[in-house]
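Student: Next one to model:
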Amino acid sequence: MDLIIPTISQGLLWALLAIGVYLTFRVLDIADLTVEGSFPLGAATAASLLAAGVTPLLAIFAAFVAGMISGVITGLLTTKLKIPALLAGILTMIALYSVNLRIMGKANLPLLNTETIFTQAQSFGLTREVAVLAMGFLIVVVISVACYYFFGTELGAAIRATGDNPHMIRANGVNTDMTIILGLLLSNGLVAISGALVAQSNGFADVGMGVGTIVIGLASVIIGEVLFGTRSFKNWLISVVLGSVVYRAVIAIVLQLGMQPNDLKLFTAILVAIALSLPLIQEKYHAMRKGAELCCRSRI
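Tutor: Okay, the predicted model is just below:
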């Protein structure tokens, strides 16, 4: 239990990052690297406000707004200046490094003896680990339900259609520039909330804590898709959340088996590469199997 509860807790806190990556990678069909800047942006914004005495909920909301602004900037670079989405995300990510340093005033901002959303939960008699688990579960459920109902609206459906077939949705009179900006806005807002929660859980915000977050988000999305399926949008959301928890469980297991923490990024990259290549591997396998069956029949 000493390992299970913290693992699930961290999986839930990082699940919002996974949902944000899912919204761009699968819904909008955009590889958005802004998340590597918006994640520490959310952490920096929340940590700075908490250190200044602002209430945790207001600090998280401010992180959400800051993340949305970063998404809007990437969206404007992509849609209005016609900069490729990948490059636009890189430009915003680089700019946010300096912004995060400005917000915190230094590279690392500790939250020792600072009231957080988790210390507030502990006031109800919960232990630290259970408080993180309970608050993480509550926040993920609320945001997942909100996303499910939003993307079921006409506007949400337009955003989903933009990623599926932009020419078709444009022919129906929808401004695809606006739907792309809205998608990036929501995605990076959720990523920033994840950063704010992780910072409060870890007890500090660091300017370099966003390195590799895009790979972590992709790993969670791909693992969830492979293990839990993608039958519907609701199922996809649940799969992404569970994929984040499974990813954290895998990391905890390999660390227990003796893997060096410095090798985790390499392990994650290899895991994502294998997961992304699974459709091709399965296609090749079925083709080889079908060819072998035809060969056997011809001999008979």
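Student: Am I right that A205 is in a helix?
Tutor: No - A205 is assigned strand when assessed by DSSP: H, G, I helix; E, B strand; the rest coil, not a helix.
Student: Would you mind measuring from it to I281?
Tutor: A205 sits at a distance of 40 Å from I281 (criterion: Cβ to Cβ, to the nearest Å). Heads up, the C-betas are built off the backbone N, CA and C, glycines and all.
Student: higher neighbour count, those two?
Tutor: Between A205 and I281, A205 has the larger neighbour count (other Cβ atoms under 10 Å), namely 30 against 10.
Student: Pretty sure G105 is one of the things that one touches, is it not?
Tutor: No - the pair A205 / G105 is not scored as a contact, 11.2 Å apart, by Cβ atoms under 8 Å.
Student: Now for these two: what residues contact both?
Tutor: Common contacts of A205 and G105, defined by Cβ atoms under 8 Å, 6 or more residues apart in numbering, comprise S48.
Student: Just confirm I83 is within a strand.
Tutor: No - assigned with three-state DSSP, I83 falls outside any strand and is coil.
Student: Buried residues in stretch 220-229, which are they?
Tutor: By 16 or more other Cβ atoms under 10 Å, the buried positions in stretch 220-229 come out as S220, V221, I222, I223, G224, E225, V226, F228.
Student: Give me the subset of those lying in helices.
Tutor: S220, V221, I222, I223, G224, E225, V226, F228 (DSSP state H).
Student: Grab the longest helix from the chain for me.
Tutor: Under DSSP H, the chain gives helix 264-299 as its longest helix.
Student: Ends of stretch 102-118, what's the gap?
Tutor: One end of stretch 102-118 sits 26 Å from the other (Cα to Cα, to the nearest Å).
Student: contact partners of that stretch?
Tutor: 41, 44-45, 47-48, 50-51, 55-57, 60, 101, 128, 131-132, 135, 197, 199-201, 203-208.
Student: Distance from the chain centre to it, please.
Tutor: 22 Å (Cα atoms, centre = their mean, to the nearest Å).
Student: between the buried residues of stretch 220-229, which is nearest A31?
Tutor: Taking Cβ to Cβ as the measure, A31 lies nearest V221 of these, at 11.9 Å.
Student: In three-state terms, label L109 for me.
Tutor: Per three-state DSSP, L109 ends up strand.
Student: Now do the same contact list for A63.
Tutor: Contacts of A63 (Cβ under 8 Å, 6+ apart): L41, G42, A43, T45, A46, A192, I193, G195, A196.
Student: quick one: low-confidence parts of the stretch 151-300 of the chain?
Tutor: Residue ranges of the stretch 151-300 of the chain with pLDDT under 70: 298-300.
Student: And G89, what's its pLDDT?
Tutor: As predicted, G89 sits at a pLDDT of 94.
Student: List the buried residues in whatever helix or strand it lives in.
Tutor: Following DSSP states H and E, one finds G89 within helix 85-104. By neighbour count on 16+ other Cβ under 10 Å, the buried set for helix 85-104 is 85, 88-93, 96-97, 99-100, 103-104.
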